[in-house]
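Asks: coordinates only, no sequence provided:
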């Protein structure tokens, strides 16, 4: 019987070619102009699931973008793994910082990836990581080694908050029934330090609009006498953090889970090189909440970041104008026990309250989701641990991540099953940034590791 | 001999048609893409000066946009009036707030202008006001009533800081020799309250760039641990004003001319209706430096306004990104005795100083100019006063304006002559804003008033 390693070696060029075709379609969910590309991508995923060996594949309509569902049921008495992934991608902006066009994938060698990496939007997040599961299925089916049932649910709205996924899951509980949910939308600590993500932050994303005068004004004639909405917006944003970089919204920290000293001590043992971190980002100094380490700040602590700001004249040269309006997109990362809807409301009330009378403020919630922590004694976790041990020769480290996959909490609530986050990307993959890439080594290592998970999950479930 | 009133009545349709042709050319000096339109506009101004009766008209090359020079010298022993104006215009952004396209002039009636107003970018600032002088010359030449010599200097870089004008003036002192400089680039208090602008604010305009990490980052993976340049920029901008809305840059107020209680009392007598002001701007409350009135805040006090801000994701929907860079355009209006170059340097030093170590800051000065105050006992002022008295039937009020025409100080220094600011626009003309317009009544009243200035200036100069 053929080993995964051999099968991958024989087919790796085809695997890469297929992924590259998928990466060429600009499935940007944030911009309605790309709706057609979204549909094309869903269809391409469907075709690939069929080819990989699914017996049933459907493009399921939702109020938003379609969800691709696939399944191969070999025996109702065997356990079922539900693979979740997404085929939509982040917008590629700012375009001028890409070294090659975001939807014309190319393979380049880098210091981290001497075997080469695929550069394209979505190469890691999440088309590349999702496609590892499709190819792992192909291997198991073609070599008659699929040990259990498998279902796929690949959505097209993850980057805009999985708006329709809840709707779909609620209506398809029977269809989606499973024993474990397997997700690759996170990363490894390093190529030689495998890790399993056991915690995710929640999210609340809002857009704010500050309106001053009813039209743009000449800054000479009105400057100094009328509230400037840009200055006011800056002022209000500045007020959202105190001098210790704690968020000032009343009640914001009320439900934050505080880790014990022991847990924090354990976390602090994870390898972390501050100088290398600063060097990789090109920064002189780090910046964050007083009293917490970098690893704590971006995993167990909630945050507030402005993701975009605009107002007034932003073209070439100078325009002496007082803008009528200024805007910002603001997101908060949340930790376990913070309710994203409550936090959104707290933000809204506070932001309206700190606005001076000279302006009007509008806060529009975009989307959000709860934080999540998974236990490390479940069958799913233990199966993942074993899988990494076999393919990496090392026991993976449980790791809390700063990112958010809000649907993990939804799955637990609606489908009553635990999610296992087996990511194969790296922090340096530049997901959500220009020049996103995914190492070929990582891609193939994922395809090699996943079948081991199926094997151990089935075995441990008996 | 024909009166100006009659001549205007007979020719007003042609005057308007000619102005409309001039307004159709998008002479936006801030954007190099419009260089051709700049040249076309200069040529159109040259043609009109020739037609109006100038004996010599030249398009004078400069390191930047050309300056149109014209003259009609009737007798070297008579005084010479130098008319200054500009043919360039502000960028029309934001385009979507214009009710009609900015370079397709249309005439519409408004509450303030029941006789109609021309809506177009540059209609008031400054093509319309500049063109009053061309038509006033035409009237005086065609009816043999030009009482003195006249020179025109119409530039194409006023909206970007008159970069080349100093260069030109320094090299053409003899050519530009004059007894008074006449400028219409300001406004009247109201149609029935004529005023002469006796003070202008100076300007320092800078662009700032704040750089955090060397690339855009995922806000989940890095949020809370790395300085977000947008948050930092907001913080730094917020720090530029204190709780009394005074500017916090050390040394900023050192040279500010403080008016006596008596002078402030006199200023306070100018008609001002706070409720009407707030209503016209659609604001609930005014906002400015503690201890000063609205009229003081926008004329005798220096200010700092953000004219534009941008960074991160500003498109549709949501993107969870920490931007690598954030930008702002910031301008300071200055008052007499503040040196704009010194203020620019103070800003630069302060802004760099308040930046945390976690970001890098770049401050790029755009342009600037000194504030100006003109005496009210000069021949020029008295001639202007007389001119308004004849055409408006009222003595004009001397008024300090909040705007800046930095070249006025340059003219005084290089050409040793005083400038007289006879403006005919209104604050409600929306200059620098969408839907800029210029009342037909104001346009024609300007053409009627200007020849009176020539008459009295020549008479009083004897």
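Replies: That came through fine. Being a predicted model, the structure only gives us computed values, none of them experimental.

Asks: what does the stretch 1-150 of chain A put close to chain B?
Replies: A:29-32, A:90-91, A:93-94, A:97 (Cβ under 8 Å from any Cβ of the partner chain). Using the backbone N, CA and C atoms, a C-beta is placed for each residue, glycine as well.

Asks: swap in 7 Å and give it another go.
Replies: Within the stretch 1-150 of chain A, the positions lying close to chain B (Cβ under 7 Å from any Cβ of the partner chain) are A:30-32, A:90-91, A:93.

Asks: ok, of those, which come out buried?
Replies: Buried members of those, scored by 16 or more other Cβ atoms under 10 Å in any protein chain shown, are A:30-31, A:90-91, A:93.

Asks: out of those residues, which comes closest to residue A:158?
Replies: For these, the minimum distance to residue A:158 (Cβ to Cβ) is 9.6 Å, reached by residue A:90.

Asks: isn't that closest one up against residue A:159?
Replies: Yes: the pair residue A:90 / residue A:159 is scored as a contact, 5.1 Å apart, by Cβ atoms under 7 Å.

Asks: any idea what residue A:106 is bridged to?
Replies: Residue A:106 has these beta-bridge partners by DSSP bridges: residue A:119.

Asks: tell me how many other residues surround it.
Replies: Using other Cβ atoms under 10 Å in any protein chain shown, residue A:106 is surrounded by 14 other residues.

Asks: measure it to residue A:122 for me?
Replies: To residue A:122, residue A:106 is 14 Å away according to Cβ to Cβ, to the nearest Å.

Asks: try residue A:309
Replies: Residue A:309 is 26 Å from residue A:122, by Cβ to Cβ.

Asks: okay, buried residues for the lengthiest helix in chain A please.
Replies: Ordering each helix of chain A by length in residues (DSSP state H) puts helix A:440-461 first. Within helix A:440-461, the residues scored as buried using 16+ other Cβ under 10 Å are A:440-458, A:461.

Asks: run through who's touching stretch A:152-164.
Replies: A:27, A:29-30, A:38, A:42, A:45, A:49, A:54, A:62-70, A:82-90, A:126, A:130, A:165, A:176, A:366-367, A:406-407, B:317-318 (Cβ atoms under 7 Å, 6 or more residues apart in numbering or on different chains).

Asks: are any of those buried, and if so which?
Replies: A:27, A:29-30, A:38, A:42, A:45, A:49, A:54, A:62, A:64-70, A:82-90, A:126, A:130, A:165, A:176, A:366-367, A:406-407, B:317-318.

Asks: just the ones of the residues you listed in helices?
Replies: Using DSSP H, the buried ones among the contacts of stretch A:152-164 in helices are A:38, A:42, A:45, A:49, A:130, A:165, A:407.

Asks: pLDDT at the fifth one, what is it?
Replies: Put plainly, it is residue A:130. According to the prediction, residue A:130 has pLDDT 98.

Asks: got it, and the last one?
Replies: For residue A:407, the pLDDT comes out at 85.

Asks: assign a three-state SS to the closest residue to it other than its chain neighbours, would you?
Replies: Residue nearest to residue A:407 in three dimensions, not counting chain neighbours: residue A:162, with 5.0 Å by Cβ to Cβ, 6 or more residues apart in numbering or on different chains. Look at residue A:162: counting by DSSP: H, G, I helix; E, B strand; the rest coil, its state is coil.

Asks: show me what the longest helix of chain A is packed against.
Replies: helix A:4-23, helix A:127-142, helix A:379-392 (3 or more Cβ pairs under 7 Å, 6 or more residues apart in numbering or on different chains; DSSP states H and E).

Asks: any idea which of those is most buried?
Replies: Across the helices and strands packed on helix A:440-461, averaging neighbours per residue (mean count of other Cβ atoms under 10 Å in any protein chain shown) puts helix A:127-142 on top, at a mean of 25.

Asks: could you find the closest non-adjacent residue to residue A:436?
Replies: Per Cβ to Cβ, 6+ apart, closest to residue A:436 is residue A:430, 4.9 Å.

Asks: which residues does the one you found contact?
Replies: A:436-437, B:215.
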